[in-house]
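Chemist: Give me a model of this one.
(2 chains)
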Amino acid sequence: MDEQLNRAPCGFLSLTEDGRIVTINETLLEMLHYPPEQLQGKHIQSILTVPAQMFYQLYFVPLIKMKQKVEEMYISLKTNSGEEIPVMVNALLRKRGGERYSDCVLFPIHNRSEYENELLIAKKEAEAALLAKHKANKELENTLEELKEQQKKLMDLNEQNQKFKIETKKELELARKIQKTSLTDPIETKHIQIQSFHKASRELSGDIYGFYQIDQHRYGIILLDVMGHGISSALITMSLHSLFQRLISYGVNTDIVMKELDQHLHTLFQNNEEARHYCTAIYLLIDTKKQKIEYINAGHPPAFWLDKNGEQHELFSKSVPIGMFEGIEYKTNTVNYSKGDRLLLYTDGVTDLIGPNQLSKLFMKNRESSLSSLKERIIASLEQQKSEKQRSDDQCLILIELK
Amino acid sequence: MEQNILSRNNVKVIGTGDRTILFAPGFGCDQTVWNIVAKAFEDEYRIILFDYVGTGNSDLQAYDVNKYSTLEGYAQDVLDVCSALDLEDTIFIGHSVAGMIGMLASLREPQYFSDLIMLAPSPRYLNDPPEYYGGFEKEQLLGLLEMMEKNYIGWATMFADTLLNNPNHPEVKSDLEDRFCSTDPIIARQFAEATFFSDNRKDLKNVTVPTLILQCSEDIVAPETVGLYLQQHLPNSTYKKMNAIGHCPHMSDPEETIHLLRDYLKNVTPSRRF
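Modeler: Numbering: from 1, shown residues only, chains lettered A, B, ... in the order given. Model (predicted):
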């Protein structure tokens, strides 16, 4: 070997086609701590680490066979004492004397290798960070997807709810109309004039009334206020309505009317304490021939009775509301009236707004006005008060003029 | 579909003959490793060469990180090629890990194959003492992966990013005219992991296709004990020890390789199944 090559500042190797060492320069021998001659004829594997032996088989051999050269291949050498030396290899396949040899140049890259290690670490960290970012993004996307689904569900529910609400509202509107039709029309005869006002706090009312001409001289007038308001109260008013309409029209005695209504409520709720509703009621049986009023007030606010002299009396309650205690006897009260007297029946929804004193004053002050304009004034006062108060109970009025 | 597979796997069909030979490259390189050996058979056989997706001149856009994380994904490539060319009773010749890839393919669709010829095969590279000696400790295989990475250092980052950013990576074009032994480092690493950490020992007993094991001398990658293990566990196998040294006899000793292949193939009846 040429002395310059032997002592060149890089390792030099020449391999046979099956990888045996035919030439090795001193620089490489020193690098590997082998004495001269010892590596002669040995397979290159004996100076490679195990990974490098594999790498040699997987990459070096195919490349040198198929492309006749290897450029900038990184492998690691193993010294005589087992140390690792990272090297860069360039190789060429050359023909000499009918044989083919791989001529290899090797130079150590200790520092470069360190630097590359760091680069690789940084690259792996960057990749891990990138992967983590992708994972986080994916999770976020999933969460967003879930949120969208939830939102969709909510919107569907809301739509259903809205639909249900509209349907319910329609139903309630219809129910209110049905309740309204059960209310009796004003009465005006030679001896009596009866007018009324009925307003539900919601769609449906817990107040109900009825007035009927029983025969030529007798009139039955009833006003009831079922505890609470809304659907359940309204259903009870309808149940009571069908009963009192029949009782009053038949001209049943005042105390029997009240007793039957009381009994009806007890029957309704006898097996259902939770649903129990009681009800205040006032029933008046007016005989225009005898100019006599029979009445029973069961826990209801007192009716006002204004006589023709301008004096005001009250038809107080002397009994408990109906549907409260079973077996109560309702006692009939009787008063005589004169022509020109007036009566005002109302539910507590009215006095909740304008108070019993103001109502009484309005009643008295307007005694010269027609029954209709009296009613209008009371309604106007109620409207005024209502706008000030947020919520109100059902309101009901019955105005009677005795002629 | 067929046309897609043919371009996706860079399929080349050469030669004429009643019988077909499908050459499958091993880990690391592309179909050109078979050039010398394949040439010797092209007058008598129809020869099919291909690259796995992710290697050689295959379509990189078809690379699927999940699919190619195990050898089953590569076996699917073989089956796709067989299906696209409507193959039947084909002689499969696979180098190195391709021996196992061909075996996995034959377990799923045996009708495609008449014979499996395995050049320097191994069902498991890791040692599993005391019963099994694959040749390597885990650290040594990790050392190989590290060495691969260091050889890719110059052009690693760009591909790593594109692969991670977009699994379909449409912007990755095969702009490298010659990808003989170099491929995307992420793909190379996945292939290496799928290869060197696989264990196909339990599948050997289920193989129905006759097998020829060509065992090289002084092969560090697939030592002789491994070849003998295969012969014992593959039901219908023939074992031939080669004089060729190393892991790539089809390149280092094509003459001996061709000779042994011819020797075996002359005993293969043209239509075993009829």
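Chemist: hang on, isn't residue B:243 packed against residue B:218?
Modeler: No: contact criterion CB atoms under 8 Å: residue B:243 and residue B:218 do not qualify, at 10.2 Å. For every residue, glycine as well, the C-beta is placed using N, CA and C.
Chemist: more crowded one of those two?
Modeler: Under the neighbour definition other CB atoms under 10 Å in any protein chain shown, residue B:243 and residue B:218 were set side by side, and residue B:218 has more, 14 against 11.
Chemist: Give the bridge partners for the spatially closest residue to that one that is not a sequence neighbour, please.
Modeler: Counting by CB to CB, 6 or more residues apart in numbering or on different chains, residue B:245 is the residue found nearest to residue B:218 once chain neighbours are left out, at 4.8 Å. Bridge pairing for residue B:245 (DSSP bridges) gives the partners residue B:217.
Chemist: Please apply the same query to residue A:399.
Modeler: On the basis of DSSP bridges, residue A:399 is bridged to residue A:195, residue A:344.
Chemist: count of neighbours near the residue nearest to residue B:218?
Modeler: Burial of residue B:245 is recorded as 20 neighbouring residues (other CB under 10 Å).
Chemist: how about it, what does it touch?
Modeler: Going by CB atoms under 8 Å, 6 or more residues apart in numbering or on different chains, residue B:245 touches A:18-19, A:43, B:216-219, B:252-253.
Chemist: Just the buried residues out of those, in PyMOL syntax.
Modeler: Burial among those is assessed by 16 or more other CB atoms under 10 Å in any protein chain shown; the matching PyMOL selection reads:
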select buried, (chain A and resi 18+19+43) or (chain B and resi 216+219+252+253)
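Chemist: Which of the contacts of residue B:245 sits closest to residue A:265?
Modeler: When those are compared for distance to residue A:265 (CB to CB), residue B:219 wins out at 103.6 Å.
Chemist: I'd say the closest one and residue B:120 touch.
Modeler: Yes: shown here, residue B:219 and residue B:120 form a contact pair, counting by CB under 8 Å, at 5.7 Å.
Chemist: I'd assumed residue A:393 was in contact with residue A:349.
Modeler: Yes: counting by CB under 8 Å, residue A:393 is a contact partner of residue A:349 at 3.5 Å.
Chemist: shared neighbours, these two?
Modeler: Residues touching both residue A:349 and residue A:393 (CB under 8 Å, 6+ apart): residue A:201.
Chemist: remind me which residues of chain A are low pLDDT?
Modeler: Along chain A, segments meeting pLDDT under 70 span A:388-391.
Chemist: Show me where it has its helices.
Modeler: Along chain A, the stretches classed as helices by DSSP state H are A:3-6, A:26-32, A:50-55, A:61-67, A:110-181, A:231-249, A:254-269, A:348-354, A:356-365, A:371-388.
Chemist: Same check on the stretch 51-200 of chain B?
Modeler: Ranges of helices in the stretch 51-200 of chain B, per DSSP state H, counting those that start in this stretch, are B:71-84, B:97-108, B:138-151, B:156-165, B:185-196.
Chemist: what's the angle between the second one and helix B:71-84?
Modeler: Put simply, helix B:97-108 runs at 70 degrees to helix B:71-84, going by axes from the mean of the first three to the mean of the last three CA atoms, to 10 degrees.
Chemist: and helix B:97-108, what does it pack onto?
Modeler: strand B:19-24, helix B:71-84, strand B:90-95, strand B:113-119 (3 or more CB pairs under 8 Å, 6 or more residues apart in numbering or on different chains; DSSP states H and E).
Chemist: now it against strand B:19-24, angle please.
Modeler: Here helix B:97-108 runs at an angle of 120 degrees relative to strand B:19-24 (the same axes, to 10 degrees).
Chemist: And for the first one?
Modeler: Going by the same axes, to 10 degrees, helix B:71-84 is angled at 150 degrees with respect to strand B:19-24.
Chemist: pLDDT of helix B:71-84, averaged?
Modeler: Mean pLDDT, helix B:71-84: 96.
Chemist: list the buried ones in it?
Modeler: Using 16+ other CB under 10 Å, the residues of helix B:71-84 that count as buried are B:71, B:73-82, B:84.
Chemist: would you list those residues in CSV and tack on distance to residue A:365?
Modeler: Shown next, in CSV, are the buried residues of helix B:71-84 (distance: CB to CB, whole Å):
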residue, distance to residue A:365
B:71, 105
B:73, 99
B:74, 105
B:75, 105
B:76, 101
B:77, 104
B:78, 108
B:79, 104
B:80, 103
B:81, 108
B:82, 109
B:84, 105
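Chemist: ok, the most centrally placed residue in chain A to chain B distance?
Modeler: Geometric centre of chain A, nearest residue: residue A:154, 7.0 Å, by CA atoms, centre = their mean. For residue A:154, the distance to chain B equals 33 Å [CB to the nearest CB, to the nearest Å].
Chemist: Could you do residue A:235 as well?
Modeler: In terms of CB to the nearest CB, residue A:235 sits 65 Å off from chain B.
Chemist: Pick out the most distant pair among the contacts of residue B:245.
Modeler: Comparing every pair within these by CB to CB identifies A:43 and B:253 as the most remote, at 15.1 Å.
Chemist: who's in contact with the closest residue to chain A within the stretch 101-250 of chain B?
Modeler: Chain A sits closest to residue B:143 of the stretch 101-250 of chain B, with a gap of 3.3 Å, by CB to the nearest CB. With contacts defined as CB under 8 Å, 6+ apart, residue B:143 is in contact with A:49-51.
Chemist: likewise residue A:79?
Modeler: Shown in contact with residue A:79 (CB under 8 Å, 6+ apart): A:31-34, A:85.
Chemist: Which ChimeraX command selects the buried ones in those residues?
Modeler: Of the contacts of residue A:79, the buried ones can be selected in ChimeraX as follows, counting by 16+ other CB under 10 Å:
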select /A:31,32,34,85
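Chemist: possible to save the contacts of residue A:79 as TSV with distance to residue A:242?
Modeler: Output for those, formatted as TSV (distance: CB to CB, whole Å):
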residue	distance to residue A:242
A:31	117
A:32	117
A:33	119
A:34	120
A:85	110
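Chemist: so which of the contacts of residue A:79 would you say is closest to chain B?
Modeler: Closest approach to chain B among those (CB to the nearest CB): residue A:85, at 13.4 Å.
Chemist: Could you verify my assumption that that closest one touches residue A:31?
Modeler: Yes: using CB under 8 Å, residue A:85 is in contact with residue A:31, at 6.4 Å.
Chemist: joint contacts of the two?
Modeler: Jointly contacting residue A:85 and residue A:31 under the rule CB under 8 Å, 6+ apart are A:77, A:79, A:108.
Chemist: Report the contact partners of the last one.
Modeler: When the contact criterion is CB under 8 Å, 6+ apart, the partners of residue A:108 are A:31, A:85-87.
Chemist: if I pick the residue nearest to the spatial centre of chain B, what's in contact with it?
Modeler: By CA atoms, centre = their mean, the mean C-alpha position of chain B lies nearest to residue B:98, the distance being 2.1 Å. By CB under 8 Å, 6+ apart, residue B:98 lies in contact with B:24-26, B:118.
Chemist: Identify the farthest-apart pair in the residues you listed.
Modeler: B:25 and B:118 (13.1 Å).
Chemist: Between the two ends of stretch A:346-364, what distance do you get?
Modeler: 15 Å (CA to CA, to the nearest Å).
Chemist: In it, which residues are buried?
Modeler: Residues of stretch A:346-364 classed as buried: A:346-354, A:356, A:359-360, A:362-363 (neighbour count, 16+ other CB under 10 Å).
Chemist: Redo those residues as JSON lines? Include distance to residue A:381.
Modeler: JSON lines is the format used below for the buried residues of stretch A:346-364 (distance: CB to CB, whole Å):
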{"residue": "A:346", "distance to residue A:381": "12"}
{"residue": "A:347", "distance to residue A:381": "15"}
{"residue": "A:348", "distance to residue A:381": "16"}
{"residue": "A:349", "distance to residue A:381": "13"}
{"residue": "A:350", "distance to residue A:381": "9"}
{"residue": "A:351", "distance to residue A:381": "11"}
{"residue": "A:352", "distance to residue A:381": "13"}
{"residue": "A:353", "distance to residue A:381": "8"}
{"residue": "A:354", "distance to residue A:381": "5"}
{"residue": "A:356", "distance to residue A:381": "13"}
{"residue": "A:359", "distance to residue A:381": "8"}
{"residue": "A:360", "distance to residue A:381": "12"}
{"residue": "A:362", "distance to residue A:381": "6"}
{"residue": "A:363", "distance to residue A:381": "11"}
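Chemist: With that, I have no additional questions.
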